[in-house]
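Engineer: My questions concern the predicted model and sequence given below.
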Amino acid sequence: MINTNNLTKQYGEHVALDQLNLNIQQGEIYCLLGANGAGKTTTINLLLGFVQPTSGSAFINQLNVQENPKATKQFLAYIPENLMLYPNLTALENLDYFSGIAGKKLSQSALKEFLEESGLQSEAINRRISTFSKGMRQKVGIAIALAKDAKVLLLDEPTSGLDPKASNEFGLLLQNLRKKGVATLMATHDLFRAKEIGTHIGIMKDGRLKQEFVVEDISLNQLEDVYLDTMNYKEVTV
């Protein structure tokens with residue numbers, strides 16, 4: 001569902017992403033770890049078609065993103081660190097608007113069901129977004145993905161700034177989407193959450209993918225050791 005082939009992005013002499021190769025299947029949650037400037041957000045922007053690659057290719061559901069920008073967007077949902085919703089509209093009105101943009105004409109009862117499935121409390125459905133916490137806004141983002149029937153979910157630091165309870169709830173929502181076969185790529189700094197909810201983990205540094213693991217093959221302590229050593233350019237074998 002998500003594939004990159006030697007994906008590279010260069011800004012002048014600066015290489016933001018260097019020959020990245022990813023392959024994420026249905027029902028997988030791939031957590032991309034790395035410091036600021038490692039290339040995580042650049043990867044997501046390339047998959048979204050927000051920027052064009054210098055070389056290499058990005059694919060969503062086997063469609064080349066650069067050649068099929070509109071078609072690939074039909075398959076995916078994107079939740080950034082700070083989800084942009086209309087503050088003066090309610091959660092229900094936001095969901096109605098964004099699902100409509102995606103070509104989905106849904107009844108009010110169906111919209112409410114998606115919001116409730118995303119974990120939003122019933123009393124909040126008709127409240128303005130301006131009154132919402134970040135965790136609540138992220139739940140609306142999940143509801144948009146559900147309503148759109150997205151096959152691919154791209155997340156850029158979605159749990160940053162969330163309290164432990166909200167972060168845990170968000171992780172459970174991602175697990176539910178995984179059961180539906182959604183392929184997820186999540187850029188994050190959170191090693192614990194990556195280990196808890198991911199199926200695969202990659203560690204990036206200076207635009208290059210340095211390490212990759214199947215989550216069940218590595219403990220949290222090992223992951224932390226490998227991450228710290230990778231940031232210090234030390235070779236580690238697990």
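Structural biologist: Noted; the coordinates are in hand. Bear in mind that the values here come from a model prediction, so they are computed numbers and not experimental data. Residues are numbered from 1 along each chain as shown.

Engineer: Do a quick rundown of the strands in the protein.
Structural biologist: Assigned by DSSP state E, the strands in the chain fall at 2-11, 14-24, 29-33, 55-60, 63-64, 76-79, 152-156, 183-188, 200-205, 208-214.

Engineer: With respect to the ones you listed, which exhibits the lowest mean confidence?
Structural biologist: Sorting those by mean pLDDT places strand 76-79 lowest, at a mean of 93.

Engineer: Sheet partners, orientation included, of that strand?
Structural biologist: strand 152-156 (parallel) (DSSP bridges).

Engineer: The strand it pairs with to strand 183-188, inter-axis angle?
Structural biologist: 0 degrees (axes from the mean of the first three to the mean of the last three CA atoms, to 10 degrees).

Engineer: what's the closest of the strands of the chain to K139?
Structural biologist: Checking the strands of the chain against K139 by CB to CB gives strand 76-79 as the closest, at 10.1 Å. Using the backbone N, CA and C atoms, a C-beta is placed for each residue, glycine as well.

Engineer: Flag every buried residue along the closest one.
Structural biologist: L76, A77, Y78, I79 (16 or more other CB atoms under 10 Å).

Engineer: same check, this time on stretch 126-144
Structural biologist: For stretch 126-144, the neighbour count (16+ other CB under 10 Å) marks 128-129, 132, 134-144 as buried.

Engineer: how about the nearest residue to A145, chain neighbours excluded?
Structural biologist: Nearest non-adjacent residue to A145, counting by CB to CB, 6 or more residues apart in numbering: A77, 3.6 Å away.

Engineer: From R128, how far off is the one you found?
Structural biologist: 22 Å (CB to CB, to the nearest Å).

Engineer: Hmm, G171 and E196 touching each other?
Structural biologist: Yes: counting by CB atoms under 8 Å, G171 is a contact partner of E196 at 6.0 Å.

Engineer: of these two, who's got more company?
Structural biologist: Taking neighbours as other CB atoms under 10 Å, E196 and G171 compare with G171 leading, 22 against 17.

Engineer: quick one: low-confidence ranges for the protein?
Structural biologist: The model of the chain has pLDDT under 70 over residues 233-238.

Engineer: Go ahead and flag the most central residue of this structure.
Structural biologist: Nearest residue to the geometric centre of the chain (CA atoms, centre = their mean): L155, 1.8 Å.

Engineer: OK, contacts around the closest residue to that one other than its chain neighbours?
Structural biologist: Distances taken as CB to CB, 6+ apart place M186 nearest to L155, at 4.1 Å, with adjacent residues excluded. Taking CB atoms under 8 Å, 6 or more residues apart in numbering, we find M186 in contact with I29, Y30, C31, L32, L155, P158, L174, A194, G198.
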